[in-house]
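Trainee: need a 3D model of the following:
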Amino acid sequence: MAADRLDLPNSGDAKLLEALAQLQAARIASVMYSVTWDWLAPAEDGELRWEYLDALVGATCGKTQLKVFLLLDIMRPPPWIFTRYPDCTARDSGNREYRHLSWYHPQALEKAMETLEAVAKRLASRYSGCVRGMQPVLNNEYEAKFTQEYDSFQDYNVFALAAYRRWLRQQQPELDTLNVRWDTKFSSWAAVKPPRLQAGTVLGVEGDPRFWDWMQFRVESGAEVLNRACGVVKSAGLMCFHHTPEFFSVLDSMYGASLFKYLSASPNTDFIIMDSNFRTPYGTVMDPQKLRIYVGAAKPYGKPVYFEAAVERYNNMSLLVDGYKASLLAGAPNLGITNWLGRVDLGPGFVDALHGAGERASACAATERVGVFIHLDSCNAWLGLQYAWAHRDPLHNFVEALAHRLTAGSSGCGTDLEVHIELHRFHRALPTFDRAVFVEPLVLYGGEELRSYVAVKGRLDTIPHEVLRLPTNSSRGLRLLVIDDLRPSAR
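Mentor: Numbering: from 1, shown residues only. As a prediction, this is how the structure comes out:
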């Protein structure tokens, strides 16, 4: 699969077909396009700009053998949406306003869903068999996460705050109980607000139940919107998918990376794209072996997994090959490339490298099966880059070093890693492992999750295993915090 930017109206059909011919010559099977809502629907009462989509998709389906996937960016609404709903804009923790759609605004979101449905139905009916799927996008980087700008958490607009209060009251109708839980003195539900967070303001790990309740709301509500959007796409007759950002980083809480587990498990998600630009939080090149853990985390959900290499930062064929090989070994048999136009020559050298990576991966024979558990929710305990520490992203360092250690020797072929981020899934899979690596969680929600933790600890003793701890940077830091789960269904 290949994705990139091509200005069709200004470049013409010939340039498009030239780019598509390169993809086919490179034995790439599909192409991914994107279009923004603001461009597609310039007038509230007018037709969508179908001529653009028909020119783009029609040329691809009519003149090539490539399959088509489309990303519809509904984060960027047309101006008439802001005119009709001036309070639908996103706001961050510093109260900055963005010309982005807040997915908590019900009327504006409904308009976005209507556009999504119209596009999906048209593509499914006109280009049946050629257009295979769509991704609804509510993020500036086309990934399934909260948008991040100015290192501030989002979204804090009035509709987000109202949704948060409704969610809290559904879980715990007694405000006095929440005040005791949070050590706060809110006098009314209207006064209740989430913590105002900016990356780097808190060093170390966060154990405040008020923060964790808000994180649970953010992730659940965001997943509900994205799963609903995928339901619209599937009802129109297309597959739906998501790109997921690189996680296992101290930035996970800001992005709401735990969305991943809800989206991957959803019946509305047909496949998952794990992407990487091979860049660390330090601006250095990532060890591709980290992909064995990051990409591997998608495999237990039973969906087809793609790995997409973004080459806007590093155009290095050796790095690309190592990344592809690591991803194949992690369980992503489908490979893609993005931001390649003008950067990567898709000639014979690329083809040989790409398929050579596949041949080397297929020649690998596993001699042991190792289960790895890293609690994704606990990765939310950091509130951004740790500038005052020796390492800005100790979590990234920890996971990268673990991946390197577990895959060292025999070019990483001997060890087959199965990575889990949820306790109940890891517990079910434990009997299939030759040995296990269990990274202790930092924070657990009580009830069902605590019961799964106890069950895992009991079963670990039946196989060889090692227990590791996440890098809290303090011998007196958080070890394991159990928070009563507010949700009645999880108690």
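
Trainee: which residue lies farthest from the center of the chain?
Mentor: Ser187 (37.1 Å; C-alpha atoms, centre = their mean).

Trainee: tell me which strands and helices the longest helix seen in the chain is in contact with?
Mentor: The helix spanning the most residues in the chain, taking DSSP state H as the definition, is helix 209-235. Judged by 3 or more C-beta pairs under 8 Å, 6 or more residues apart in numbering; DSSP states H and E, the packing partners of helix 209-235 are helix 106-126, strand 131-137, helix 158-171, helix 175-182, strand 239-244, helix 259-265, strand 443-445, strand 481-483. Placement of C-beta: from N, CA and C, glycine included.

Trainee: still on that earlier bit, can you tell me the element the residue farthest from the centre of the chain falls in?
Mentor: Under the criterion DSSP states H and E, no helix or strand holds Ser187.

Trainee: next one: Arg479
Mentor: Arg479 belongs to no helix or strand, assigned by DSSP H and E.

Trainee: neighbours around Ala59, how many?
Mentor: 16 (other C-beta atoms under 10 Å).

Trainee: identify the residues contacting the host helix or strand of it?
Mentor: Using DSSP H and E, Ala59 sits within helix 50-63. If you take C-beta atoms under 8 Å, 6 or more residues apart in numbering as the criterion, helix 50-63 is touched by 8-9, 13, 16-17, 20, 31, 33, 35, 39-40, 66, 68, 70, 119, 122-123, 126-127, 130-131.

Trainee: got a pLDDT number for the residue nearest in space to the middle of the chain?
Mentor: For the chain, the residue nearest the mean C-alpha position is Thr244 (2.4 Å; C-alpha atoms, centre = their mean). Looking at Thr244, its pLDDT is 93.

Trainee: thinking again about what came up before, nearest to Gly336, out of the helices and strands packed on helix 209-235?
Mentor: strand 239-244 (10.1 Å; C-beta to C-beta).

Trainee: within the helices and strands, which one has Leu319?
Mentor: Here Leu319 is assigned to helix 317-330, by DSSP H and E.

Trainee: Ala401 should be in a helix, yeah?
Mentor: Yes - under DSSP: H, G, I helix; E, B strand; the rest coil, Ala401 sits within a helix.

Trainee: end to end, how far does stretch 385-396 reach?
Mentor: 10 Å (C-alpha to C-alpha, to the nearest Å).

Trainee: before we move on, what about stretch 408-421?
Mentor: Across stretch 408-421, first to last residue, C-alpha to C-alpha, it's 22 Å.

Trainee: ditto for stretch 74-92
Mentor: 19 Å.

Trainee: what does the average pLDDT come to for it?
Mentor: 96.

Trainee: pull the distance from that stretch to the chain's centre.
Mentor: 23 Å (C-alpha atoms, centre = their mean, to the nearest Å).

Trainee: ok, and what's touching it?
Mentor: Contacts for stretch 74-92 (C-beta under 8 Å, 6+ apart): 36-44, 97-102, 105, 107-108, 111-112, 115-116, 136-140, 147, 149-150, 152-160, 229.

Trainee: next one: stretch 386-398
Mentor: Contacts with stretch 386-398, where a contact means C-beta under 8 Å, 6+ apart, come from 200, 203-204, 248-252, 280-282, 290, 379, 382, 385, 470-471, 473.

Trainee: and the residues you listed, which of them are in helices?
Mentor: Asp252.

Trainee: show the buried residues in the contacts of stretch 386-398.
Mentor: Listed as buried from those are 203-204, 248-252, 280-281, 290, 379, 382, 385, 470-471, 473; burial here means 16 or more other C-beta atoms under 10 Å.

Trainee: least confident secondary structure element in this structure?
Mentor: The weakest-scoring helix or strand in the chain, judged by mean pLDDT, DSSP states H and E, is strand 2-3 (a mean of 56).

Trainee: following that one, which helix or strand comes up?
Mentor: Where DSSP H and E defines the elements, the next helix or strand beyond strand 2-3 is helix 8-25.

Trainee: what angle separates the following helix or strand past that next one from helix 106-126?
Mentor: Following helix 8-25 in sequence order, the next helix or strand is strand 30-36 (DSSP H and E). Angle, strand 30-36 to helix 106-126, by axes from the mean of the first three to the mean of the last three C-alpha atoms, to 10 degrees: 140 degrees.

Trainee: where does pLDDT dip in the stretch 1-150 of the chain?
Mentor: Applying pLDDT under 70 to the stretch 1-150 of the chain flags residues 1-12.

Trainee: mind redoing it with 50?
Mentor: The stretch 1-150 of the chain contains residues with pLDDT under 50 at 9-11.

Trainee: in the longest helix of the chain, what counts as buried?
Mentor: Buried residues in helix 209-235 (16+ other C-beta under 10 Å): 209-219, 221-223, 225-234.

Trainee: go on, stretch 440-456?
Mentor: 440-445, 447, 449-450, 452-453, 455-456.

Trainee: over to stretch 180-190?
Mentor: Result for stretch 180-190 [16+ other C-beta under 10 Å]: buried residues Trp182.

Trainee: and that stretch, how far out from the chain middle?
Mentor: For stretch 180-190, the distance to the chain centre is 33 Å (C-alpha atoms, centre = their mean).

Trainee: swap in stretch 463-483?
Mentor: On C-alpha atoms, centre = their mean, the centre of stretch 463-483 falls 25 Å from that of its chain.

Trainee: need the contact partners of it.
Mentor: Contacts of stretch 463-483 (C-beta under 8 Å, 6+ apart): 204-205, 207, 209, 212-213, 378-379, 381, 386, 389, 394-395, 397-398, 402, 430, 433-446, 450, 460.

Trainee: sorry, back to before: and the least confident of the buried residues of stretch 440-456?
Mentor: Gly447 (88).

Trainee: I'd assumed Asp485 was in contact with it.
Mentor: Yes - with contacts counted by C-beta atoms under 8 Å, Gly447 reaches Asp485, the gap being 4.7 Å.

Trainee: give me the nearest residue to Ala118, chain neighbours excluded.
Mentor: Distance criterion C-beta to C-beta, 6 or more residues apart in numbering; nearest residue to Ala118, sequence neighbours excluded, is Leu48 at 6.5 Å.

Trainee: swap in Ala112?
Mentor: Nearest one to Ala112, counting by C-beta to C-beta, 6+ apart, is Ile74 at 4.1 Å.

Trainee: now the one you found: how far from Ala229?
Mentor: Distance, Ile74 to Ala229, using C-beta to C-beta, to the nearest Å: 8 Å.
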